[in-house]
Each structure stands twice: as C-alpha cells, then as structure tokens.
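**Student:** this one's structure only:
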DNA sequence: AGGCAGGCTTTTA
DNA sequence: TAAAAGCCTGCC
C-alpha cells in the first residue's frame, strides 16, 4: 500500500539511531523490518511517500502502531527553545525524522542486555544469531526466510553450549537469567506498561545483568515510556561538556527519551560538536 | 551504608 | 591496541 506522511519520518535516521537491530537495508530506499511475527518491506519513494508491502488491514493493526504514527513529533520538537538550549535545538534539527518505535518489551530486554559494552554491528550480530538459533522461521512476501525473535521459553531451556555460540560472551548468563525470569513469570513485562517510571526501573534492575542504563533503554524502547533517559558513555560526555550546570529534565518531561535520541544520534555523527 | 577499581567475552575500527 | 548504548563483585 501507498502511504503519505507529513510528520517527521526518516527511515535511515531511525535505523541509525541504535534502537532497532533487526532492520536490513535491501536497496537504496528500502528496508526489511522484522517485528514480532511480521516482516515488512518499506520503501522511501521521496516526497513524503512510502510504499509498504502489506495490506491496509495489516498496516492499521501492526505497523501504524510500530512506527508510533499516532504521535506528532513536529509538535513535540516545539518544546525545544533555540535561545535557551542551542545544542539540543541543533541536534533535533539535524536528527528530526527519528521516532521511538513501539517494539516488543521481551525482545528489547534481551537486546539491551546484549548491548552493554559493545558497538552496534556486534549487537546486530548476536541478535541475528539468537534469532536464527532459537527463533521460528517464516517466509516474507518475497519468498525469503526470516526468523521470529525467540520466545522466553526457547532461551530459558537452551543448552549452554549453543547459547555461547551466539557470541554473547560474559552476557550469556545474563540473557539466560532474564529468559528464566520471564518464562517462570517471576517478572511480568506487560504489567510494566502501566507502572510509574521509577517503579519500572526498580523492577527491571532487580534482574541479573540489568543496571540503570539498560533498564532505561528497555523502558524507552520496549515499553514506550518516552520520559526514560538512558545515560550511556556518549550521553555522559554530552552532559559533561554541554550541560555543566545541569540538564533541564523537568522542562522536557515527558519527552526526555525522545530528546535523548536526538542528542545521542547527533553527537555520534558529530563527535567534535 | 555507599563509592570505586578491576574484570569481563568478543567484535570493530 | 583501545574502545564499544555497562554491570557485577569485592574491597574499603
């Protein structure tokens, strides 16, 4: 189906923002995206037009929500004042087009445990290996195979040797432990959607291998708590250099997480800014 | 109690 | 060789 969008939407910027690790560029304008049980080819045709190889029914039941299209990002960016916060304004102008995807919380839990102390290509590699080892195969609209992200059960019951072959390193024990916690219902991820941010972080950091940074990533990217603010090495450098007198979190609530993405993506592409 | 150094698997640049 | 969307453990 053909889709016209007037709000911020840039596939390349979303892909490069480091929130999704199962996007694959298939040609200059097209990405193949795996989300839960579905797989989508989406092409940027220019002039705010997009071609999606799905039915309207599937678009409205799956992808409209996945891309967070009910939210107006242009409007959110109006909270940024170029006079009082020139750095965030520059970052947002440069990186507008990023959206916070509504991804699966269980997948984000595992993905961001894997992310610690690694760069993005290495994260993609492990997520791919996990999916190919423990996920269910399916066929996309072009007849090509893709893998649905593994269930908690599949990882919780996996044998140690094959899990180690997913190149998780010392994180393998964290991944297994998290899978066991979800599989045994020691933690109920869906219940976290309604809870307050502070409570969510508290629950998540109880899990082995999940500290404040990863918990905030799961909250932002898996539960769509747009006020969550992951502080990684890059963000800490920004806060030190650009906001020595403090960052105005309360002013930007409840969109701290969205603005964090602009800062993160901008600083990574302009490390000397 | 709370803070901090050291270690950790593997990949990437 | 160092750094990478960090966290755990042990020591003070």
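**Tutor:** Cool, the structure landed. Remember, it's a predicted structure, so these values are computed and weren't measured experimentally. Numbering: from 1, shown residues only, chains lettered A, B, ... in the order given.

**Student:** could you count how many residues lie near residue A:68?
**Tutor:** 17 (other C-beta atoms under 10 Å). Every residue, glycine included, has its C-beta placed from N, CA and C.

**Student:** if I read this right, it contacts residue A:103, doesn't it?
**Tutor:** No: Residue A:68 is beyond contact range of residue A:103, at 10.1 Å (criterion: C-beta atoms under 8 Å).

**Student:** quick one: residue A:249 from DNA strand C, how far?
**Tutor:** Noted for residue A:249: a distance of 16 Å to DNA strand C, by C-beta to the nearest atom of the strand, to the nearest Å.

**Student:** neighbouring contacts of stretch A:215-231?
**Tutor:** A:19-20, A:68, A:100-109, A:112, A:115, A:189, A:192-193, A:197, A:200-201, A:204-205, A:210, A:212-214, A:235, A:239, A:249, A:253-258, A:260 (C-beta atoms under 8 Å, 6 or more residues apart in numbering).

**Student:** point me to the residue of chain A nearest DNA strand B.
**Tutor:** Of all residues in chain A, residue A:169 sits closest to DNA strand B, at 2.2 Å by C-beta to the nearest atom of the strand.

**Student:** and that residue, its phi and psi?
**Tutor:** Phi and psi for residue A:169, reported as degrees, to the nearest 10, are phi 60, psi -140.

**Student:** tell me the spacing between it and DNA strand C.
**Tutor:** From residue A:169 to DNA strand C the distance is 8 Å (C-beta to the nearest atom of the strand).

**Student:** got a pLDDT number for that residue?
**Tutor:** Predicted confidence (pLDDT) for residue A:169: 96.

**Student:** where does chain A dip in pLDDT?
**Tutor:** Counting by pLDDT under 70, chain A has no low-confidence residues at all.

**Student:** need the residues of the stretch 1-150 of chain A near DNA strand B, please.
**Tutor:** A:117, A:118, A:119, A:121, A:122, A:125 (C-beta under 7 Å from any atom of the strand).

**Student:** the strands in the stretch 101-250 of chain A, which residues?
**Tutor:** For the stretch 101-250 of chain A, applying DSSP state E, counting those that start in this stretch gives strands covering A:136-139, A:145-148.

**Student:** show me what the first one is packed up against.
**Tutor:** The reference is to strand A:136-139. With contacts taken as 3 or more C-beta pairs under 8 Å, 6 or more residues apart in numbering; DSSP states H and E, strand A:136-139 sits against strand A:145-148.

**Student:** count of residues packed around residue A:55?
**Tutor:** For residue A:55, using other C-beta under 10 Å, the count is 10.

**Student:** same deal with the one 10 residues further on?
**Tutor:** Residue A:65: 15 surrounding residues under other C-beta under 10 Å.

**Student:** quick check: closest non-adjacent residue to it.
**Tutor:** residue A:102 (5.6 Å; C-beta to C-beta, 6 or more residues apart in numbering).

**Student:** now residue A:124
**Tutor:** residue A:21 (4.7 Å).

**Student:** ok, and the closest non-adjacent residue to whichever residue of the stretch 151-273 of chain A sits closest to DNA strand C?
**Tutor:** Going by C-beta to the nearest atom of the strand, DNA strand C is nearest to residue A:211 of the stretch 151-273 of chain A, at 2.4 Å. In this structure, residue A:211 finds its nearest non-sequential neighbour in residue A:205, 6.2 Å apart by C-beta to C-beta, 6+ apart.

**Student:** how about the contacts made by the one you found?
**Tutor:** By C-beta under 8 Å, 6+ apart, residue A:205 lies in contact with A:211, A:212, A:215.

**Student:** again, only using 10 Å
**Tutor:** A:211, A:212, A:213, A:214, A:215, A:216 (C-beta atoms under 10 Å, 6 or more residues apart in numbering).

**Student:** can I get those in TSV with distance to DNA strand B and neighbour count?
**Tutor:** Below are those laid out as TSV (distance: C-beta to the nearest atom of the strand, whole Å; neighbours: other C-beta atoms under 10 Å):
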residue	distance to DNA strand B	neighbour count
A:211	10	13
A:212	12	12
A:213	13	17
A:214	14	24
A:215	17	22
A:216	18	26
